[in-house]
Each structure stands twice: as C-alpha cells, then as structure tokens.
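> The following block contains a protein sequence and its predicted model.
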Amino acid sequence: MSYLQRHKFWLIIALAVVFLVLATRVRRTPLPPKPATDDAFAENSVPSATDVARDGGTLEMKSEPLAPVVMHDAAAEMSNMLANPERNPEERIQAVREVLYLFRQGFGDNPPGHNEMVVSALIGENNKRTALLPKDSPAIKDGALVDAWGTPYWFHALSAKQMEIRSAGPDKELFTQDDLVVE
Amino acid sequence: MNLIFPRKNEPNRRQFLVKTGCSAMGITSVVNTLAHLKLMQGALNAQPVGGGGYKALVCVFLNGGNDSNNMLMPLSGGARADYEAGRGLLAIPINNADASLNALPIAATNIAESNPLSGYVGSYGIHPKLGAIKTLFEQGDAAFVANVGSMTMPGVTRANYSTAPKPPQLYSHSDQQVQWQSSIPDRPFSSGWGGRIADLLDPVHNPSSGNVSMNISISGVNSFQVSPTGNVTPYIMSSNGLVSLSGYGTNYSSAVNNPNVLFEPSNYKTSAEAGRRLQAFESIINMANANLMENAHNGVTVSARVTEGMVGSALLPTIAPGTNATTLDSYFTNAFADSGISANNSFANQMKLVARLIAGQSALGNGRQIFFVQHGGYDTHVAQIPEGSATGGHTGLMSTLNCALKGFADALKGPEVGNKWNDVVAFTASDFTRTFTANKADSSAGSDHAWGGHTLVMGGPVKGGRVYGKFPVLKLGTVTNSIDATGSRGLWIPSTSVDQYAANIARWFGVDSSALSTIFPNLGRFVTLPNITSGNLDFLDA
C-alpha cells in the first residue's frame, strides 16, 4: 500500500482545510468593481415584486438614483438589423422577433405591454438596467419601434414567452390583408 | 472508523436540507398555507361559519379581456365628457337617433361612494345590450364593482409606475388570467383561490364521502379551481352534460333498468347483449387486483362511473320527459328571444348546465359548490363595434352575456330549481379591461390590452343597485388626476385588487375572517384585516 493510499483520509481533510481557508480569504477580499461592459446583462438594481413580497410586503421605493443603463454588446447590431433600409420588411420584422428572443434570454420573459412599453424595456428601463437597443436607434420613432414603412409595430402579448408582432404593411393600416405578422 | 460529532445547536443534514430546500425553492409560504389550511379545517369542523344550508358560487370568466369601459360608463357630468373624448368612435352614445344603440341609464344609489372626484360621475349607464342586467340591478340583485385588477401592492401611481412593484407580465393574456384566478400574482402559480376555498370548506360543508367534487368546471381545466393540497380535484364536464360510456344506449337505456343504480346485479338487462357486456365490464373494474397499478387504474374508472351516476341523478329532474330538451331550456330560450342570437350557444349551454346542477343539489349532496364557466371572444382588437350588427363584436358578446345571465337568473328563481336564487352568487372576471382609446381611427377599430376593469356580481345575496369600489377618472396621460398607468391610451391603475374583490365573495361563501389571509396571502397589504369591506366593497350579505 503506497503512502498516499495509507494516508488518503488525512490528505482529504488537509485539502479541505486549505480550500476552506482560501475560500474565506477570497470572500474577505473585496471584488474589484465590474466594468460595465463586462456583463451582457447587468446586476439587478430595481426590486421585483417578488423581492418586495419576500421582504415582508412593504412598498418602499428606493430613493437612491437608478443605476446607469448598460448597453448590451449586441445592441448596435440589433439596431442595424431592425432599421437597415437594405433589409427587406420581412427581415426587419424577424429582427424584432430576435430582439425579443434575446430579451427573454436575459430576463426570462417578454417585455410586457404595448409598443412604447416594449421600447422602454429594450432601451434599458428594466430591472437589470441593460439596453438591447440604443435610445437613438433609427428603428425608434417618437418612442415606438417602427416598421419599414415608418408605422409602429403592434405587439400582442399572448403570454410571458409568446408575443404576436404585427406590421401594418405598405398601406400603413393595421389588420388589413397586407399586414406582416410573426409570433 | 469515522466518527461524526454533530455540533450543538447546529442543524443536522436533514434539518439543513429541509430549511434550505424550502427557502431555495420559495415554497415556505406554500407549506405554511397548507399547514394553515389543515389547522383551519380542524377549527372549522368544530364551528362552521357562513351558515349552513346551500351556497353556490359561479365564476363567469370573460376570456380575452372584456372592454368593461363599455359595460359600465358615465352618462353625465365631467366623467361623460372625458368618456366621449377618450373613447372617440368606441363610445356608447346617449343621444343616437337609433335608441337601441344608446346606453341604458341605471338608477344607481350611493353614487358618491364610487365617485373618485366629488361630482365627477353624474350618473351611470350600461351597455345597450344589458337590458336584463339593468332590471336585475334595479331590483337589487346585481351590482358592479369598478376598476378591479390584479395587483401585488397598493400605492402604484403614474409617477412611480416604472419602479413600483406590479404583477409580472401585465397586459399578457395567459399571465393575467392566471393572476386573476390565483390572486397571488407575485409568486409562481400553485393554486387558484377557488381551489383554496374548496380545500378549506369542503370537509366542513360536504362531509359525506363519495360526493361529487365541490369544484365543477363546465369549461375545462382552469387555474381558479386548482387546489393546493389536491384534496378537491375539479370535476370537469362538457356543456352537453354527462359523457356516458358508448355502446349502451342513451343514458345506458339498452343495458340497465335504472341508470342511477350502479353495480346492482338485478339492475342489468341480462337478456340483452349490452346489459351482459356492461355487467361484465363493471364486474372487472370492481375486482381487487394484485397489481397496484391496475388496482389504482380500476379505482379511477369506478370513481368516474360512480360520479357519473351521481351527476346523472342530479340532472335527471331537469330532463324534460320524452325530449332531448330540459325543463329549464324555456328560461334561456325566452331570454334569447329577439336577440338574434341562438339560445343554443356555448356560453348559454354552460349556464344551463350549472342551473341544472344547482337544481340537483340534493342528489349531489354538497352544501357548497363552486362552478367555473367561460365566455370567450373578448379579445376585441378589431371591429369592436361592427356597424349595423346587433350580434357581432363586443355588441354580440354583451348581448349573449345579458341573455345567458337572464336565463340563469330566471331558472334559479323558478320552481324547477327550487328557488335557489338567494343561495347563489355569480361574478365576472376577465384577463383585464381594454385600452380606453381605440387602436384605429375608423369603424374597424378595436382596443388593446389594459389593466383595471369593472366586474358584475349578481344573485340574491348581492346588495344590488350600486356601483362599488372607485370608478376610474377617465383622463388620459399626464392630465391632472389621471390614473392612466403609462402612455396615454387609458390603462387604468386598479383601485381595488383582485384580493379585495375575491375576499368579499369568499367571506359570503363561508370563509371565516381569520382564514381570509390564508386564502389570500396578499390581502393584508390592501386592507386592515378583518375589515375587508373598506373601500366601498360591502357588496354581499355577510
């Protein structure tokens, strides 16, 4: 029986002690501040309803200013996909779908509400303060995400994961034959 | 040999797993709820509350988001001016040359209590197709509760809307439906408030074993009736009534002498092949089997057969002899007369079946019963008010709702049901109301998803003739006094939470004040318990 085998138990104990000491030291060392662009989705800075409920259910708004909005690495590319005039209307509405898909990857659910609320969430007014689109994206006009004809998209929230997106099409009128719809 | 010396006052492995497991999964409150329910059941067994006798609750879910802005509206005063300005082409008129399109005035009392700004609401009216509801309202058998919605906390305003705690996924159909039906919007779904009430009251009011479930759905699986303990599994029926085993004739007439007698050898028509076949089948499912899986499977089949027999007995008195109709059909047929809508529609058929089950209550043997029905088609994004049509769009929906509820009320007041009107409360719920503004500028316009909306409650125990809660200020965007949550489309911030609305219904149904916070864990955020009627919500006899 080798030395290692004979003293396996004590070696494991010793390794565990070393690990615990190191872990304690690491925790005591303050972490360096994270560069804002390091993380695709920034840390939570707004309490969710669930957090408030867990804290005893009192409505106490945070008085400190909100954390700055962090731009997602893909924001510029997304903006280009949505607004590039060289892309056809079908590709552009598909890009809206992809932006929402990316949003769900980071936040779990779709941004809730109508066009203006969706835009608000996409430009960083969300609990992770992360923008998937720049505020000044040419895809946003008067606070609404617009299609290839400049008409606001129409969002129909079916569930937390399922959103019907409708473009009014070339006649710029919703719910007519030429509408483009993706889900 | 390894010796383990647990340290004093430190949890052992099992305790650690229990504690961290519960908190990590966020189920502590659920565990507490279950524990509370069990304790309260024990207490209630000793002293039932809510009176004895029979009570039934009917949840009428208006699927898709009812535009309740046009179910109840102001007829005069500043509110009327705001109504017409905001609704535009969706507004229900009051002075149209075609009187059938005009809102119906309702003689509501105590308007000041529902008036958000003194003198703002002059008088109220309702949708022109709700004529029967107007009658019930003025007879004191119906009332409206204004601006109810799913909320996690009070205190949401337009100013703090972006950061205030709100239910997740506002404006999403499925999420808002579940939140209305669970009344716990800030936690993952685990049970409905109808299911929690049933868990609490079933052992007290429905003590006989072998009864049909206290919760019956005529509209499939729903969140409202999901029980946290699994003790009360909803019984789901189609609006056609029972679905019998096939091959034995209508209501087993080819196989048995009396369809309501089960497993009795002398009852089978053994001279006929169908009778022998049914006898053989029922002998097999009644056999004890060594295989536990097969035993359990047979148990489910036997249980389904027994329930079917029991429900069949309950429905029997309302089957008209010699026809396929029921003795209650005439109430519904009369209610739909002149509406242009057939009385044989899905929603009316659901209400007919509920009326029949209430009529057969003594055969079912339950002292408390909760029914769930749904009326679909309320997601009116397009052509909400189709020009010249009395049966399409929201106009048709209101007409169908009005006629089916009239048929139901008349049936319950009739001798066939044994005048159960004073034992029944029907209430509406919906995903949300719809945007106050239209989504287009022409007659094909509809409205989109919004938040707080009005509900209707009816039944003998309703303190009718009044509008409860607070009617919303119908001002859009940033205008002074506006309760428009965000933007300027009219997304009313609810003034009454679903918890408050539901708690008053639950209290009438027999849930003791001390148990309300268990059934509605967030209720204490909105009211100072046990005063659940605060906020002008005393709409039911206690």
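Thanks, I have the structure now.

> How confident was the prediction at residue 114?
Just going to use chain A. The per-residue pLDDT reported for A:H114 equals 94.

> ah, no, chain B please
Confidence at B:S114, expressed as pLDDT, is 98.

> likewise A:E64?
Looking at A:E64, its pLDDT is 63.

> Past the helix or strand bottoming out on mean pLDDT in chain A, which element shows up next along the chain?
Least confident helix or strand of chain A, by mean pLDDT, DSSP states H and E, is helix A:49-54 with a mean of 44. For helix A:49-54, the following helix or strand on the C-terminal side (DSSP states H and E) is strand A:70-71.

> what lines up beside that next one in the sheet?
strand A:130-131 (parallel) (DSSP bridges).

> immediately after the strand it pairs with, which helix or strand?
Note on strand A:130-131: by DSSP H and E, the next helix or strand toward the C-terminus is strand A:140-141.

> what distance separates that following strand from the centre of its chain?
With CA atoms, centre = their mean, to the nearest Å as the basis, strand A:140-141 stands 19 Å off its chain's centre.

> Could you give the number of residues near B:S238?
Neighbours of B:S238 under the rule other CB atoms under 10 Å in any protein chain shown: 13. For the C-beta atoms, the positions are set from N, CA and C on the backbone; glycine is no exception.

> what are the phi and psi angles of it?
The phi/psi pair for B:S238 (degrees, to the nearest 10) reads phi -90, psi 160.

> Please apply the same query to the one 10 residues further on.
Backbone geometry at B:Y248, expressed as degrees, to the nearest 10, gives phi -120, psi 20.

> Show the contacting residues for it.
Contacts for B:Y248 (CB atoms under 8 Å, 6 or more residues apart in numbering or on different chains) come out as B:S254, B:A255, B:V256, B:A274, B:R277, B:L278.

> can you list the residues that contact the helix or strand the fifth one falls within?
Using DSSP H and E, B:R277 falls within helix B:273-285. Taking contacts as CB under 8 Å, 6+ apart, the residues outside helix B:273-285 that touch it are B:245, B:247-249, B:252, B:254-256, B:262-263, B:265, B:268-270, B:298, B:301-302, B:305.

> Give me the buried stretch members for stretch B:87-107, please.
Buried residues in stretch B:87-107, defined by neighbour count with 16 or more other CB atoms under 10 Å in any protein chain shown: B:R87, B:L90, B:A91, B:I92, B:I94, B:N102, B:A103, B:L104, B:I106.

> State the pair within those that is farthest apart.
With distances taken as CB to CB, the most widely separated pair in the buried residues of stretch B:87-107 is B:L90 and B:I106, at 20.0 Å.

> any idea how far the helix or strand containing B:V148 is from the chain center?
In this assignment (DSSP H and E), B:V148 forms part of strand B:142-149. Chain-centre distance of strand B:142-149: 14 Å, with CA atoms, centre = their mean.

> what angle separates the helix or strand following it from strand B:142-149?
Using DSSP H and E, the helix or strand that directly follows strand B:142-149 along the chain is helix B:173-182. Orientation of helix B:173-182 against strand B:142-149 (axes from the mean of the first three to the mean of the last three CA atoms, to 10 degrees) gives an angle of 120 degrees.

> Which strands and helices lie in contact with the helix or strand just after helix B:173-182?
The first helix or strand that comes after helix B:173-182 along the chain, using DSSP H and E, is helix B:193-205. In this structure, helix B:193-205 packs against helix B:28-46, strand B:55-62, helix B:173-182, strand B:215-217, strand B:368-375, helix B:498-509, helix B:513-519, with contacts taken as 3 or more CB pairs under 8 Å, 6 or more residues apart in numbering or on different chains; DSSP states H and E.

> Quick one: the strands in chain A, in order.
Along chain A, the stretches classed as strands by DSSP state E are A:70-71, A:130-131, A:140-141, A:144-145, A:154-157, A:163-167, A:180-182.

> got the contact list for the longest one?
Among residues not part of strand A:163-167, those counted as contacts by CB under 8 Å, 6+ apart are A:89, A:93, A:96-97, A:100, A:110, A:147-149, A:151, A:153-158, A:174-175, A:179-183.

> Could you do the last one as well?
By CB under 8 Å, 6+ apart, the surrounding residues in contact with strand A:180-182 are A:P89, A:E90, A:I93, A:Q94, A:V96, A:R97, A:D147, A:E164, A:I165, A:R166, A:S167, A:G169.

> Okay, and B:E84 sits in which element?
Going by DSSP H and E, B:E84 is in helix B:77-87.

> for the following helix or strand past that helix, packing partners?
Helices and strands here follow DSSP H and E; after helix B:77-87, the next one along the chain is strand B:104-106. Packing contacts for strand B:104-106, counted by 3+ CB pairs under 8 Å, 6+ apart, involve strand B:124-126, helix B:131-138.

> mind listing what A:S120 touches?
A:P111, A:G143, B:S162.

> so who does the closest residue to the first one other than its chain neighbours touch?
Among residues not flanking A:P111 along the chain, A:A121 sits closest, at 3.4 Å (CB to CB, 6 or more residues apart in numbering or on different chains). Neighbour list for A:A121: A:F103, A:P111, A:P112, A:G113 [criterion: CB under 8 Å, 6+ apart].

> I'd like the distance from the last one to B:V457, if you could.
Noted for A:G113: a distance of 29 Å to B:V457, by CB to CB, to the nearest Å.

> burial measure for the closest residue to A:D179 other than its chain neighbours, as a count.
Sequence neighbours aside, A:G169 is the residue nearest to A:D179 in space, at 4.9 Å (criterion: CB to CB, 6+ apart). By other CB under 10 Å, the residues close to A:G169 number 20.

> Enumerate every residue touching A:G169.
A:P89, A:D147, A:W149, A:T176, A:D178, A:D179, A:L180.

> Quick one: these as a markdown table, columns for neighbour count too.
Listed next are these as a markdown table, based on neighbours: other CB atoms under 10 Å in any protein chain shown:
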| residue | neighbour count |
| --- | --- |
| A:P89 | 14 |
| A:D147 | 24 |
| A:W149 | 12 |
| A:T176 | 13 |
| A:D178 | 11 |
| A:D179 | 16 |
| A:L180 | 18 |
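
> just the helices and strands packed on strand B:104-106: most buried one?
For the helices and strands packed on strand B:104-106, the largest average neighbour count (mean count of other CB atoms under 10 Å in any protein chain shown) is found in strand B:124-126, namely a mean of 25.

> Now find how far off-centre stretch B:308-325 is within its chain.
25 Å.

> in that stretch, what counts as buried?
Residues of stretch B:308-325 classed as buried: B:E308, B:G309, B:M310, B:V311, B:G312, B:S313, B:A314, B:L315, B:P317, B:T318, B:I319 (neighbour count, 16+ other CB under 10 Å).

> Okay, and which of these map to helices?
B:E308, B:G309, B:M310, B:V311, B:G312, B:S313, B:A314, B:L315 (DSSP state H).

> returning to what we had before: drop anything exposed from the contacts of helix B:273-285.
By 16+ other CB under 10 Å, the contacts of helix B:273-285 give B:Y248, B:G249, B:Y252, B:S254, B:A255, B:V256, B:L262, B:Y268, B:K269, B:N298, B:T301, B:R305 as buried.
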